[in-house]
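Participant: with the sequence up front, the predicted model follows.
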Amino acid sequence: MRAVRARHAYDGGSFLAAGATVLVEGGSIVGVESYGFQVPGDCPVTGHEGTLLPGLIDAHAHLVAGSGVSALDRVAGYSAEEIEQVISRAAPDQ
(Lines give C-alpha, C1' and ligand atoms only; values in the text may rest on other atoms or scores of the structure.)
Protein backbone atom coordinates (compact mmCIF):
# COMPACT_ATOMS: atom_id res chain seq x y z
CA MET A 1 0.00 0.00 0.00
CA ARG A 2 1.07 3.60 -0.59
CA ALA A 3 -0.44 6.95 0.32
CA VAL A 4 -0.77 10.34 -1.35
CA ARG A 5 -1.41 13.32 0.91
CA ALA A 6 -2.46 16.89 0.05
CA ARG A 7 -3.91 19.90 1.86
CA HIS A 8 -6.59 20.22 -0.85
CA ALA A 9 -8.94 17.48 -2.04
CA TYR A 10 -12.24 17.21 -3.88
CA ASP A 11 -14.24 13.97 -3.68
CA GLY A 12 -16.68 14.70 -6.51
CA GLY A 13 -19.30 16.19 -4.22
CA SER A 14 -17.46 18.68 -2.05
CA PHE A 15 -14.05 20.00 -1.15
CA LEU A 16 -12.51 18.27 1.84
CA ALA A 17 -11.61 21.34 3.89
CA ALA A 18 -8.75 19.76 5.81
CA GLY A 19 -7.24 17.93 2.83
CA ALA A 20 -6.92 14.17 2.51
CA THR A 21 -4.72 11.12 2.57
CA VAL A 22 -5.58 8.74 -0.27
CA LEU A 23 -4.57 5.11 0.27
CA VAL A 24 -3.74 3.12 -2.87
CA GLU A 25 -3.09 -0.59 -3.20
CA GLY A 26 -2.54 -2.47 -6.42
CA GLY A 27 -3.61 0.51 -8.52
CA SER A 28 -6.95 0.92 -6.70
CA ILE A 29 -8.04 3.43 -4.09
CA VAL A 30 -8.70 1.56 -0.85
CA GLY A 31 -9.37 4.57 1.37
CA VAL A 32 -9.75 8.34 1.55
CA GLU A 33 -8.84 9.53 5.01
CA SER A 34 -8.17 12.84 6.76
CA TYR A 35 -4.95 14.71 6.00
CA GLY A 36 -3.42 13.73 9.35
CA PHE A 37 -4.35 10.05 9.13
CA GLN A 38 -1.64 7.83 10.61
CA VAL A 39 -0.61 5.41 7.87
CA PRO A 40 1.02 2.08 8.78
CA GLY A 41 4.77 2.36 9.38
CA ASP A 42 5.71 0.54 6.16
CA CYS A 43 3.44 2.68 3.96
CA PRO A 44 5.30 5.28 1.86
CA VAL A 45 3.62 8.69 1.76
CA THR A 46 3.92 11.07 -1.19
CA GLY A 47 3.09 14.72 -0.57
CA HIS A 48 1.22 16.53 -3.33
CA GLU A 49 1.13 20.33 -3.67
CA GLY A 50 -2.00 20.41 -5.85
CA THR A 51 -5.54 19.20 -5.27
CA LEU A 52 -6.26 15.47 -4.99
CA LEU A 53 -9.25 14.20 -6.95
CA PRO A 54 -9.61 10.63 -5.65
CA GLY A 55 -11.51 8.43 -8.07
CA LEU A 56 -11.33 10.77 -11.07
CA ILE A 57 -10.42 8.84 -14.21
CA ASP A 58 -8.67 10.67 -17.01
CA ALA A 59 -10.36 9.09 -20.01
CA HIS A 60 -8.97 11.55 -22.55
CA ALA A 61 -6.22 9.96 -24.60
CA HIS A 62 -4.85 10.25 -28.13
CA LEU A 63 -3.95 6.67 -28.99
CA VAL A 64 -3.21 7.32 -32.66
CA ALA A 65 -0.55 9.98 -32.21
CA GLY A 66 2.34 10.86 -29.98
CA SER A 67 2.98 14.26 -28.49
CA GLY A 68 5.42 15.34 -31.18
CA VAL A 69 4.99 18.22 -33.60
CA SER A 70 2.37 17.48 -36.31
CA ALA A 71 1.65 14.04 -34.84
CA LEU A 72 -2.08 14.27 -35.56
CA ASP A 73 -1.42 15.51 -39.10
CA ARG A 74 0.47 12.31 -39.95
CA VAL A 75 -2.45 10.08 -38.93
CA ALA A 76 -4.49 11.11 -41.98
CA GLY A 77 -2.00 9.31 -44.21
CA TYR A 78 -1.80 6.08 -42.17
CA SER A 79 -3.29 2.85 -43.44
CA ALA A 80 -5.65 0.89 -41.18
CA GLU A 81 -2.77 -1.46 -40.34
CA GLU A 82 -0.47 1.43 -39.41
CA ILE A 83 -3.15 2.95 -37.16
CA GLU A 84 -3.63 -0.44 -35.48
CA GLN A 85 0.13 -0.67 -34.83
CA VAL A 86 0.26 2.83 -33.33
CA ILE A 87 -2.75 2.13 -31.08
CA SER A 88 -1.31 -1.24 -29.99
CA ARG A 89 1.90 0.50 -28.88
CA ALA A 90 0.14 3.44 -27.18
CA ALA A 91 -2.68 1.65 -25.32
CA PRO A 92 -0.56 -0.04 -22.61
CA ASP A 93 0.79 3.38 -21.57
CA GLN A 94 -2.70 4.73 -20.82
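Facilitator: Yep, it's here.
Participant: quick one: name whatever helix or strand follows the least confident helix or strand in the chain by mean pLDDT.
Facilitator: In the chain, the helix or strand scored least confidently by mean pLDDT, DSSP states H and E is helix 71-75, which has a mean of 76. Under the assignment DSSP states H and E, the closest C-terminal helix or strand after helix 71-75 is helix 80-90.
Participant: so which bits of that following helix are buried?
Facilitator: If you call a residue buried by 16 or more other C-beta atoms under 10 Å, then helix 80-90 has these buried ones: residue 86. (Glycine included, C-beta is placed from N, CA and C.)
Participant: domain map for the protein?
Facilitator: According to automatic domain parsing, the chain comprises the domains 2-52, 58-94.
Participant: which of the ones you listed is buried the deepest?
Facilitator: domain 2-52 (a mean of 14; mean count of other C-beta atoms under 10 Å).
Participant: where in the chain is pLDDT low?
Facilitator: Along the chain, the parts satisfying pLDDT under 70 run over 65-68, 93-94.
Participant: what about the strands in it?
Facilitator: 2-6, 8-9, 20-25, 28-33, 45-47, 51-52 (DSSP state E).
Participant: is it possible to get JSON lines of those strands that adds distance to residue 85?
Facilitator: Below are the strands of the chain laid out as JSON lines (distance: least, C-beta to C-beta, whole Å):
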{"stretch": "strand 2-6", "distance to residue 85": "34"}
{"stretch": "strand 8-9", "distance to residue 85": "40"}
{"stretch": "strand 20-25", "distance to residue 85": "33"}
{"stretch": "strand 28-33", "distance to residue 85": "31"}
{"stretch": "strand 45-47", "distance to residue 85": "35"}
{"stretch": "strand 51-52", "distance to residue 85": "36"}
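Participant: list the contacts for residue 50?
Facilitator: For residue 50, the contact set (C-beta atoms under 8 Å, 6 or more residues apart in numbering) comprises 6, 8.
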